[in-house]
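In: need the 3D shape of this:
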Amino acid sequence: DRSADRFRERYAIEGPYFLYVGRSVESKQCGQLFEAFARWPDTQGTRATLVLMGHREMPVPERPDIRLLGRTSDEDKFDALSGCIALVQPSLLESLSIIVLEAWACGRPVICDARSLVQRLAPHFNVEVATTTARDYWTWANEFTAGQTVVDGVPVHRFAVERGRAKDFRFHERRAFRATHTLADERAFVEAQGPVAPDLLEYVDRRAPQVDHVLFFTYIYYPTAFGLPLAPDRAVLVPTAHDEPAIRLAIYKPVFCAPRAIAFNTAEERAMVHQLFRNERVPNEIAGVGVDVPADRSADRFRERYAIEGPYFLYVGRIVESKQCRQMFEAFERWQSTQGTRATLVLMGHREMPVPERPDIRLLGRTSDEDKFDALAGCVALVQPSLLESLSIIVLEAWACGRPVICDARSPVVWGMTYRAGAGLAYRSAAELAEICEMLITRPTLASRLGASGQSFVERTYIWPRVVEMYLDLFAEVRARNA
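Out: Residues are numbered from 1 along each chain as shown. So this is what the prediction gives:
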């Protein structure tokens with residue numbers, strides 16, 4: 001139940017508007033956002049409003065076309081998303097932006113700043129970006145203007161999408177994933193998925209011999225699948241791969257075997273790729289991503305806002321069968337129905353399945369980043385039951401906040417990371433989950449020690465200076481091999 005009309009009427013918003021949701025703070029590039037928006041109407045641009053939802057921590061221009069609504073309800077947020085032209089996400093420091101996923105779930109495009117890694121590499125290299133004119137990966141519709149522009153001193157070359165996601169994409173997907181199919185079926189799948197951008201490939205082919213390195217992000221789409229083989233001796237692949245049917249298609253073998261180097265997100269991703277492609281000879285590093293958490297985190301503020309008393313465990317993410325949520329509920333109910341210590345299971349995220357109606361299972365729905373980090377600050381532990389994560393950002397965020405993680409021992413990535421970090425415990429049954437929860441409540445020093453190990457792991461592995469260092473090492477490897 002989302003209503004743009006209800007939002008417009010409640011806040012007297014007229015005409016087209018863009019939406020920002022989050023803390024209005026300098027560290028999230030809000031100053032630059034305000035300046036850019038103010039400059040646009042002043043150049044005779046179309047009249048529009050910038051709507052701001054969230055806590056203000058910096059001055060906001062007093063203009064009729066910039067509306068600060070402050071903290072709002074979930075209903076207001078989703079009503080606003082349903083009617084906005086686009087969500088604007090200017091922050092460079094997001095590890096995983098939930099509001100971006102929510103905007104996409106509401107069918108709205110996102111305007112974001114692609115400079116996070118680019119800006120961190122720019123001091124070391126002359127960087128340029130080649131991309132498409134698309135704004136979203138569902139349709140790949142041409143939204144931006146083709147041609148060259150400059151963003152923060154970095155040249156950006158945009159190329160038109162000739163064909164976006166085909167209406168019969170699922171048909172081609174099914175054909176490519178059948179046990180018996182042809183290479184032509186696989187190529188048709190990649191092209192039907194989009195974005196088909198021949199001019200972008202032509203540019204890569206022409207420009208690659210003139211540069212030292214070409215960085216390709218995400219293995220599965222057309223620009224990487226057909227662009228990387230054009231520049232293998234200078235290519236560094238960031239595959240963002242997980243175990244899925246597509247990765248087993250023969251058309252992707254050159255993508256994983258041809259590049260000069262590969263930057264993985266996790267050791268588990270690397271192990272999976274090596275097992276599938278036997279490409280250990282390709283130089284690689286576990287580069288990962290940078291995780292940033294706010295310094296202002298308050299468990300007391302969270303408890304007061306949501307009336308949470310006593311020890312609580314936290315789950316953050318979609319509440320859905322595929323993430324093993326039903327098993328988590330059943331195990332928690334069984335524990336609390338015995339003589340175990342009284343505790344609460346707090347759920348943050350979109351509900352896509354029934355949740356038990358019990359006073360000790362609290363469904364908060366979608367919440368703000370502030371609430372999430374406040375909740376992390378005070379929880380006994382984060383519970384991550386999912387078996388299918390490729391890189392669990394919320395696990396990294398929990399560790400960055402000094403909290404331990406409870407995960408399913410069958411999850412190769414989450415348990416693998418947790419084991420390496422020494423930052424949590426894994427269960428194989430409902431009885432083991434109950435025992436772990438009981439132990440962490442009654443032995444808070446153990447929970448703190450595990451959380452501190454996680455914090456140290458993140459600081460060693462998933463901070464931007466180290467991420468950039470890994471990329472610099474890979475780029476040096478590429479240059480050395482091409483010398």
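
In: any weak-confidence spans in the stretch 101-250 of the chain?
Out: 101, 104-105, 107, 109-110, 112-116, 136-138, 152 (pLDDT under 70).

In: actually the stretch 251-400 of the chain, not the one I wrote
Out: 390-391.

In: what residue in the protein is the furthest from its centre?
Out: Distance from the C-alpha centroid of the chain, by CA atoms, centre = their mean, peaks at residue 339 (39.3 Å).

In: how close does that residue sit to residue 441?
Out: 13 Å (CB to CB, to the nearest Å). The way it works is simple: take the backbone N, C-alpha and C, and place the C-beta from them, glycine included.

In: and if you look at residue 476?
Out: 48 Å.

In: swap in residue 61?
Out: 48 Å.

In: which one's more surrounded, these two?
Out: The neighbour count for residue 61 versus residue 441, taken as other CB atoms under 10 Å, is higher for residue 441 (19 against 13).

In: am I right that residue 362 is in contact with residue 355?
Out: No: using CB atoms under 8 Å, residue 362 makes no contact with residue 355, being 9.4 Å away.

In: residues bridging contact with the two, i.e. touching both?
Out: With contacts taken as CB atoms under 8 Å, 6 or more residues apart in numbering, residue 362 and residue 355 have residue 347 as neighbours in common.

In: could I get the full set of helices for the stretch 201-350 of the chain?
Out: Secondary structure of the stretch 201-350 of the chain by DSSP state H, counting those that start in this stretch: the helices cover 222-227, 253-257, 267-277, 299-306, 325-336.

In: what residues of stretch 51-58 count as buried?
Out: Residues 51, 52, 53, 54 are the ones in stretch 51-58 that count as buried (16 or more other CB atoms under 10 Å).

In: can I assume the last one is in contact with residue 80?
Out: No: with contacts defined as CB under 8 Å, residue 54 does not count as touching residue 80, sitting 11.6 Å away.

In: now the buried residues of stretch 51-58 as CSV including pLDDT?
Out: Output for the buried residues of stretch 51-58, formatted as CSV (pLDDT from 0 to 100):
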residue, pLDDT
51, 95
52, 95
53, 93
54, 88
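
In: quick check, nearest of these to residue 263?
Out: Checking those against residue 263 by CB to CB gives residue 54 as the nearest, at 32.7 Å.

In: find the residues that touch each one of residue 339 and residue 441.
Out: By CB under 8 Å, 6+ apart, no residue touches both residue 339 and residue 441.

In: roughly how far does residue 17 sit from residue 84?
Out: Residue 17 is 6 Å from residue 84, by CB to CB.

In: let me see the contact set for the closest residue to residue 298 other than its chain neighbours.
Out: Leaving aside its sequence neighbours, residue 298 sits nearest to residue 374 (CB to CB, 6 or more residues apart in numbering; 5.2 Å). Going by CB under 8 Å, 6+ apart, residue 374 touches 297, 298, 299, 301, 302, 305.

In: can you check residue 388 too?
Out: Residue 388 neighbours (CB under 8 Å, 6+ apart): 242, 243, 322, 323, 411.

In: could you identify the most distant pair in these?
Out: Between any two of these (CB to CB), the greatest distance is 15.4 Å, for 243 and 323.

In: neighbour-wise, which of these two wins?
Out: residue 323 (21 against 16).

In: I'd say that one and residue 386 touch.
Out: Yes: between residue 323 and residue 386 there is a contact at 4.1 Å, judged by CB under 8 Å.

In: give me the common contacts of these two.
Out: Joint contacts of residue 323 and residue 386 (CB under 8 Å, 6+ apart) are residue 317.

In: measure the residue nearest to residue 246 when sequence neighbours are not counted to residue 24 for me?
Out: Nearest non-adjacent residue to residue 246, counting by CB to CB, 6+ apart: residue 220, 5.7 Å away. Going from residue 220 to residue 24 by CB to CB gives 35 Å.

In: pick out whichever of those two has more residues nearby.
Out: residue 24 (21 against 18).

In: look up how far residue 312 lies from that one.
Out: Relative to residue 312, and taking CB to CB, residue 24 is found at 29 Å.

In: repeat that for residue 141.
Out: In terms of CB to CB, residue 141 sits 43 Å off from residue 312.

In: those two: which is more packed in?
Out: The neighbour count for residue 141 versus residue 312, taken as other CB under 10 Å, is higher for residue 312 (22 against 15).

In: all strands of the stretch 151-300 of the chain, in order?
Out: Applying DSSP state E, counting those that start in this stretch to the stretch 151-300 of the chain gives strands spanning 154-159, 214-217, 235-238, 261-264, 284-286.

In: show residues contacting the shortest one.
Out: Strand 284-286 is contacted by residues 261-267, 270, 461, 470-471, 473-474 when judged by CB under 8 Å, 6+ apart.

In: please repeat the previous calculation with a cut-off of 6 Å.
Out: Applying CB atoms under 6 Å, 6 or more residues apart in numbering, the external contacts of strand 284-286 come out as 262, 263, 264, 267, 470, 474.

In: what does the first one give?
Out: The set of residues external to strand 154-159 that reach it, using CB under 6 Å, 6+ apart, is 118, 127-133, 144, 146, 148-149, 197, 199-200.

In: next: the third one.
Out: Taking CB under 6 Å, 6+ apart as the criterion, the residues outside strand 235-238 that touch it are 213, 214, 215, 216, 217, 228, 259, 260, 261, 262, 263, 474.

In: which among the residues you listed gets closest to residue 167?
Out: Within the contacts of strand 235-238, the smallest distance to residue 167 is 26.1 Å, found for residue 217 (CB to CB).

In: could you pull out the buried residues of stretch 452-462?
Out: Buried, per 16+ other CB under 10 Å, within stretch 452-462: 452, 453, 454, 455, 457, 458, 461, 462.

In: out of those residues, which sit inside helices?
Out: Using DSSP state H, the subset of the buried residues of stretch 452-462 located in helices is 452, 453, 454, 455, 457, 458, 461.

In: measure residue 55 to residue 69 for me?
Out: For residue 55, the distance to residue 69 equals 11 Å [CB to CB].

In: of all the strands of the stretch 151-300 of the chain, which lies closest to residue 404?
Out: strand 284-286 (22.0 Å).

In: and that closest one, how far from the chain's centre?
Out: Offset of strand 284-286 from its chain centre (CA atoms, centre = their mean, to the nearest Å): 20 Å.

In: mind listing what it pairs with, with the direction of each?
Out: With DSSP bridges as the test, strand 284-286 is paired with strand 261-264 (parallel).

In: what lies in contact with the strand it pairs with?
Out: For strand 261-264, the external contacting residues (CB under 6 Å, 6+ apart) are 236-238, 270, 282-287, 474, 477-478.

In: for the stretch 301-450 of the chain, what spans make up the strands?
Out: 312-316, 344-348, 361-365, 381-384, 405-408, 424-427.
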